[in-house]
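1. Here is a sequence together with a model predicted from it:
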Amino acid sequence: MENQTSYTDKVMELCLMAGKIMLESGAETYRVEDTMMRIAASFGIRESHSYVTPTGIIFSIEGELTKTKLIRVTERTTDLEKIAEVNSISRKISSGDLSLDEAYQSLKEIESASLQYPFWLQITAASIASGCFLIMFKGEWRDFIPAMIAGGVGLVCVTYFHRLVPIKFLAEFLAAFIIGFLSVLFVKIGFGYQLDKIIIGSVMPLVPGLLITNAVRDLMVGHLVSGLSKGAEAFLTALAIGSGIAGVLSFM
């Protein structure tokens, strides 16, 4: 009985760790729930239930002794590689290639690993993307460099402000304000020409595209709480960006 209880606890811890990693990395709600229940089923636990929201996971295993655990998720980012790694481990568990202890160790390594690209590379990508978005929105090539600079500085600012004050809305508002200020400054000194196109291209790296996509996906499959929560978060992000730009334009 004690061995069975210990085994069930280990399976539950494994499922919760997998779900936590995926949710913190930006996975959809349905994917997190499905992965957790598949892992439990692969280890012989057929009756399991998971309830996932953007800020927490409730996981229950039924049997002779029903167990339920809750974990909080406070930090969320976008790391698709971690999601892919957890999915790969889940498939290996389902095919019997990983034992319980091996799967647990693999997930611990993924949890502690930093799989994101270096920060300088993220800034470079955001800068190039800002310039390309400007062209996509029918801007002029002479505004490509100003949009690159403003977009790169914006990503640096949102990252720095979020570390300084862990309030996402405030960090995005200040970053958008600085982007708007730089865009206006470039136009004033003659380095930039189309103010609207420069601003639009520069703020695109801040736009919550993944949040919007996941919110719609969750709503479509019936996860109303998660869908509405992610939609509200995306709306607040858009509001912060718009307010920051509006604040600059109202003073210039």
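-> Everything's here; your move.

2. in the stretch 151-252 of the chain, which spans are helices?
-> Using DSSP state H, counting those that start in this stretch, the helices of the stretch 151-252 of the chain run over 168-188, 195-203, 209-220, 224-251.

3. among the ones you listed, which is the most enclosed?
-> Neighbour counts (mean count of other Cβ atoms under 10 Å) averaged over each of those peak at helix 195-203, with a mean of 24. In short, each C-beta sits where N, CA and C put it, glycine included.

4. Stretch 199-208: end-to-end distance?
-> The first and final residues of stretch 199-208 sit 16 Å from each other (Cα to Cα, to the nearest Å).

5. Then stretch 51-61?
-> 12 Å.

6. Tell me the buried residues in it?
-> Neighbour counts over stretch 51-61 (16 or more other Cβ atoms under 10 Å) mark 51, 52, 54, 57, 59, 61 as buried.

7. Pick the one among those closest to residue 138.
-> The nearest member of the buried residues of stretch 51-61 to residue 138, counting by Cβ to Cβ, is residue 54 at 35.9 Å.

8. so what pLDDT did the closest one get?
-> Looking at residue 54, its pLDDT is 85.

9. OK, contacts around it?
-> With contacts defined as Cβ atoms under 8 Å, 6 or more residues apart in numbering, residue 54 is in contact with 23, 29, 73, 76, 226, 229, 230, 233.

10. rewinding a little: now for the helices of the stretch 151-252 of the chain, which one comes closest to residue 117?
-> That would be, of those and by Cβ to Cβ, helix 209-220, which comes in at 15.8 Å.

11. and that closest one, what does it pack onto?
-> With contacts defined as 3 or more Cβ pairs under 8 Å, 6 or more residues apart in numbering; DSSP states H and E, the secondary structure elements packing on helix 209-220 are helix 29-42, helix 224-251.

12. go again using 6 Å as the cut-off
-> Contact analysis of helix 209-220 by 3 or more Cβ pairs under 6 Å, 6 or more residues apart in numbering; DSSP states H and E lists helix 224-251 as its packing neighbours.

13. and the helix it packs on, what other elements does it pack with?
-> Packed against helix 224-251 by the contact rule (3+ Cβ pairs under 6 Å, 6+ apart) you find helix 168-188, helix 209-220.
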